[in-house]
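1. Below is the sequence, then the predicted model.
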Amino acid sequence: MFRRTPRTPRGARTPRTPRTPRRARSALLSVLAVCAGLAALLFGTGAPPAAAAGSQPCDIYGAAGTPCVAAHSLARALYGSYNGPLYQVRRASDGATTKIGLLSAGGYADAAAQDSFCSGTTCIITEIYDQSPRHNDLTVEGAGGAGAADVGAPADALPVTAGGHQVYGLEISAGMGYRDNSTSGVAVNGQAEGMYMVTSGTHVNNRCCFDYGNAETNNLDTGNGHMDAINFGTECWFAPCYGQGPWVQADLENGLFQSDAGYSRNTANTGTGALPFVTALLKNNGQNHFALKYANAQSGGLTTTYSGGEPTASGYSPMHQEGAIVLGTGGDNSNGSIGSFFEGVMTSGIPTDAADAAVQANIVSVGYGGPTGSTGTLNPGSEISLRATTACCTTEYVRHQNDAAVTSTVTSGSPAVDKGDATWIVRRGLANASCVSFESRNYPGDFLRHFDYRLYRQPMDGTAQFRADATFCPQTGKSGTGTSFASYNYPTRYLRHYNHTLYIASNGGSNDFDSSTSWAADVSWATGSPWAP
């Protein structure tokens, strides 16, 4: 997709600017079980088939006759028997690299291996391995017609849980992207294909183009129909678009399509909203039909937002795909977009709706973003809520409201969104492992950080400045109770509530929030069990 003049994001989060992640199918019994489930859906009960033990998305698609030709994930195996590497990281201290694999065959990423390798320094993701037999591995994208060469994403920017394990996702900021221009088995010249990715509705913008799928092999815009990729974001290319988005769209080159007309023909398609985990799906027969679907990746089934003809403009029917794979940018490396990626596959041929439904059920079974199993402590991975201890405010908790960090009353009767906003996941300090950082429960990859002494919830961008601003060092509570949190880069300033707003404050100073009145109590916090279940 070529770059257009950016517009002000609509319905998207705009962070403030800081100062200063073998090849075989499952065992025969597993495949037969999947086939039986698919047959039941097609000819019997109408309910999605239950995936057999060990059956993962590519097992399901393969059993349905549409094998994966690409399978990428930083979080887990996409085949029940896969036991190879998921991705490669490179550390800044000495340029050394290592491959991050699985805890067990068909299981989840060994995030502890990354943590150990990157301890005391930072790492970027340099390669994402294809789990399919095609070996269509993604490396950092080079320059294109609309963007300079990209850089690798920080390896620790998007910690999440999957299957009860800590894993990492891929968090894309502007100027980041991955690509393979020399692939095997990917659809070309009007061949049929399907694809999905698990992404997030909390880390989006309206810039071009957060894509995963089929693109040009030369990093240039070579014309209508030369791409076939899922796009996810808030860019409305063809008006009208309904709601605020983000929308699942088809990047077919020179347009983000919600229908054959480009613009949305579906007034009910107002976008996914700020779901923390979204399944986005596109399938295209390459001749005269494509379809778009989405789902909450944590629960429920798929919703079809469009199923119909190819775009009516010249060049789209038939399609002219070139067979490269892109992740995080447009086909010509338009790289102003932001986005999150946890897993995705591409298939040879169009999967059945039954197979799509079974894959969605498998994704839900992963439990992306589910509870860590550890609560109420400051140990990494524990989920907590932080309660004020000042006499006036003992029912108030640290939470985010939009991007700002505040304190407000939260009770058992509070709405679920408020309870989620008041729940934080403790992480090793982004700047110092002996301290802590606080990741938002509702916004994966967003952390509590200070800017001009005030606290905000913002996405981790990998910079040293952000890491320092989002790191806090626990001490015994200054009031003699609870815990106080010193700012890592301003060690005489502590996390404080003042007029229901969060600051890093010193004990006395020129700012109102530095007032010595009740300072010791205001900077002392009770660490307790999380409000979110």
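-> Arrived safely.
2. Now for residue 153: which residues touch it?
-> Going by C-beta atoms under 8 Å, 6 or more residues apart in numbering, residue 153 touches 124, 125, 170, 171, 172, 173, 176, 328, 462. C-beta coordinates here come from the backbone N, C-alpha and C atoms, glycine included.
3. distance of residue 81 from residue 527?
-> The gap separating residue 81 from residue 527 is 42 Å, by C-beta to C-beta, to the nearest Å.
4. Over to residue 380?
-> 14 Å.
5. SS state for the most centrally placed residue in the chain?
-> The chain has residue 340 as the residue nearest its centroid, 2.9 Å off, counting by C-alpha atoms, centre = their mean. Put simply, residue 340 is strand when judged by DSSP: H, G, I helix; E, B strand; the rest coil.
6. burial of residue 301, as a residue count?
-> 14 (other C-beta atoms under 10 Å).
7. ok, now residue 449?
-> If we define neighbours as other C-beta under 10 Å, then residue 449 has 29 of them.
8. Just confirm the residue nearest to the centre of the chain contacts residue 199, I think it does.
-> Yes. Residue 340 is within contact range of residue 199, at 5.4 Å (criterion: C-beta atoms under 8 Å).
9. circling back to that earlier point, find the nearest non-adjacent residue to the residue nearest to the centre of the chain, please.
-> residue 200 (3.8 Å; C-beta to C-beta, 6 or more residues apart in numbering).
10. Next: residue 164.
-> That would be residue 373: by C-beta to C-beta, 6+ apart, it lies 6.0 Å from residue 164.
11. Wait, that neighbour touches residue 163, no?
-> No. Taking C-beta under 8 Å as the definition, residue 373 is not a contact partner of residue 163, at 11.1 Å.
12. Which of these two has more residues huddled nearby?
-> Neighbour totals were compared for residue 373 and residue 163, and residue 163 leads with 16 against 11 (other C-beta under 10 Å).
13. and the residue nearest to the more buried one when sequence neighbours are not counted, bridged to which residues?
-> Once flanking residues are discounted, residue 163 sits nearest to residue 108: 5.0 Å by C-beta to C-beta, 6+ apart. When bridges are called by DSSP bridges, residue 108 pairs up with residue 76.
14. Let's see the pLDDT reported for residue 108.
-> Here, the pLDDT recorded for residue 108 equals 98.
15. Next one: it from residue 512, what distance?
-> 47 Å.
16. The two: who's more crowded?
-> The neighbour count for residue 108 versus residue 512, taken as other C-beta under 10 Å, is higher for residue 108 (21 against 10).
17. distance of residue 71 from residue 57?
-> 8 Å.
18. dump the residue contacts of the residue nearest to the centre of the chain.
-> Contacts for residue 340 (C-beta under 8 Å, 6+ apart) come out as 158, 169, 170, 171, 172, 199, 200, 202, 203, 444, 445.
19. And residue 506, by the same measure?
-> Contacts for residue 506 (C-beta under 8 Å, 6+ apart) come out as 492, 493, 494, 514.
20. ok, back up a step: between residue 71 and residue 57, which one's more packed in?
-> A direct count of neighbours by other C-beta under 10 Å for residue 71 and residue 57 places residue 57 higher, at 30 against 27.
21. Off-centre distance for whatever helix or strand residue 447 lives in?
-> Assigned by DSSP states H and E, residue 447 belongs to strand 446-451. Relative to its chain's centre, strand 446-451 lies at 18 Å (C-alpha atoms, centre = their mean, to the nearest Å).
22. Same question for that strand: list its buried residues.
-> 446, 447, 448, 449, 450, 451 (16 or more other C-beta atoms under 10 Å).
23. and what of stretch 354-367?
-> Buried, per 16+ other C-beta under 10 Å, within stretch 354-367: 354-364, 366-367.
24. just how off-centre is that stretch within its chain?
-> Using C-alpha atoms, centre = their mean, the offset of stretch 354-367 from its chain centre is 17 Å.
25. Averaged pLDDT, stretch 154-168. What do you get?
-> In this model, stretch 154-168 has a mean pLDDT of 96.
26. and what of stretch 179-189?
-> Mean per-residue pLDDT for stretch 179-189: 98.
27. That stretch: end-to-end distance?
-> Using C-alpha to C-alpha, to the nearest Å, the end-to-end distance of stretch 179-189 comes to 19 Å.
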